[in-house]
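Asker: pasting the structure only:
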């Protein structure tokens with residue numbers, strides 16, 4: 001009877017140790033201004049929500065040979081698939097200006113420009129060049145393509161993306 005108790009206690013201790021020794025889910029940072037979270041690993045998947053630059057997500061799944069990761073952002077109660085090109089490989093992105101977060105003192109577009117190494121001062125220098133047409137660039141930034149139109153275009157052209165439905 002005593003041996004049985006010792007064995008049970010030892011097994012419980014081993015199980016508890018295994019739970020605490022398990023690695024937490026790996027995390028990655030979003031490295032683009034904005035990206036969509038989709039219901040399947042494909043650009044044709046339904047958009048479930050959006051992630052923004054520097055959001056930190058837990059990686060739940062990364063199928064071998066796929067360019068998609070299943071992620072979770074607990075703060076937004078959001079879970080789905082994101083293309084790997086929108087996620088940092090290993091490094092954690094921390095955006096700060098002095099001792100406060102940049103998000104508190106900068107707009108989303110300023111954060112995106114800074115992430116690309118492009119700030120308002122650099123942009124002002126480029127705008128001095130009369131051969132560059134920044135009005136056209138500003139206009140292009142206003143264009144949006146609905147996901148349904150993109151899917152129709154891809155279907156019409158026979159375009160299949162890696163990880164997409166076949």
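Answerer: The structure has been received and is ready for your questions. Worth saying up front: this structure is predicted, and the values here are computed from it rather than measured.
Asker: If you rank every helix and strand of the protein by mean pLDDT, what lands last?
Answerer: strand 100-101 (a mean of 50; mean pLDDT, DSSP states H and E).
Asker: so residue 82 is in which element?
Answerer: Counting by DSSP states H and E, the element that carries residue 82 is strand 78-83.
Asker: which parts of the helix or strand where residue 121 lies are buried?
Answerer: Applying DSSP H and E as the criterion places residue 121 in helix 120-127. When burial is assessed from 16 or more other CB atoms under 10 Å, helix 120-127 yields no buried residues. Yep, even glycine has a C-beta here, placed from its N, CA and C like the rest.
Asker: elements contacting it?
Answerer: Helix 120-127 sits against helix 108-115, with contacts defined as 3 or more CB pairs under 8 Å, 6 or more residues apart in numbering; DSSP states H and E.
Asker: Residues in a beta bridge with the closest residue to residue 51 other than its chain neighbours, which ones?
Answerer: Nearest residue to residue 51, sequence neighbours excluded (CB to CB, 6 or more residues apart in numbering): residue 30, at 4.7 Å. The partner list for residue 30 in beta bridges (DSSP bridges) reads residue 87.
Asker: Give me the number of neighbouring residues for residue 30.
Answerer: Counted with other CB atoms under 10 Å, the neighbours of residue 30 add up to 23.
Asker: so it touches residue 50, yeah?
Answerer: No: the pair residue 30 and residue 50 does not pass the contact test of CB atoms under 8 Å, sitting 9.7 Å apart.
Asker: would you say residue 58 is within a strand?
Answerer: Yes: secondary structure assignment places residue 58 in a strand (DSSP: H, G, I helix; E, B strand; the rest coil).
Asker: Now do the strands in the protein.
Answerer: 27-29, 34-38, 47-52, 56-61, 68-73, 78-83, 96-97, 100-101 (DSSP state E).
Asker: Reformat those as TSV; add distance to residue 3 and mean neighbour count.
Answerer: Formatted as TSV, the strands of the chain follow (distance: least, CB to CB, whole Å; neighbours: other CB atoms under 10 Å):
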stretch	distance to residue 3	mean neighbour count
strand 27-29	44	19
strand 34-38	53	19
strand 47-52	54	15
strand 56-61	42	17
strand 68-73	44	22
strand 78-83	46	20
strand 96-97	58	12
strand 100-101	58	12
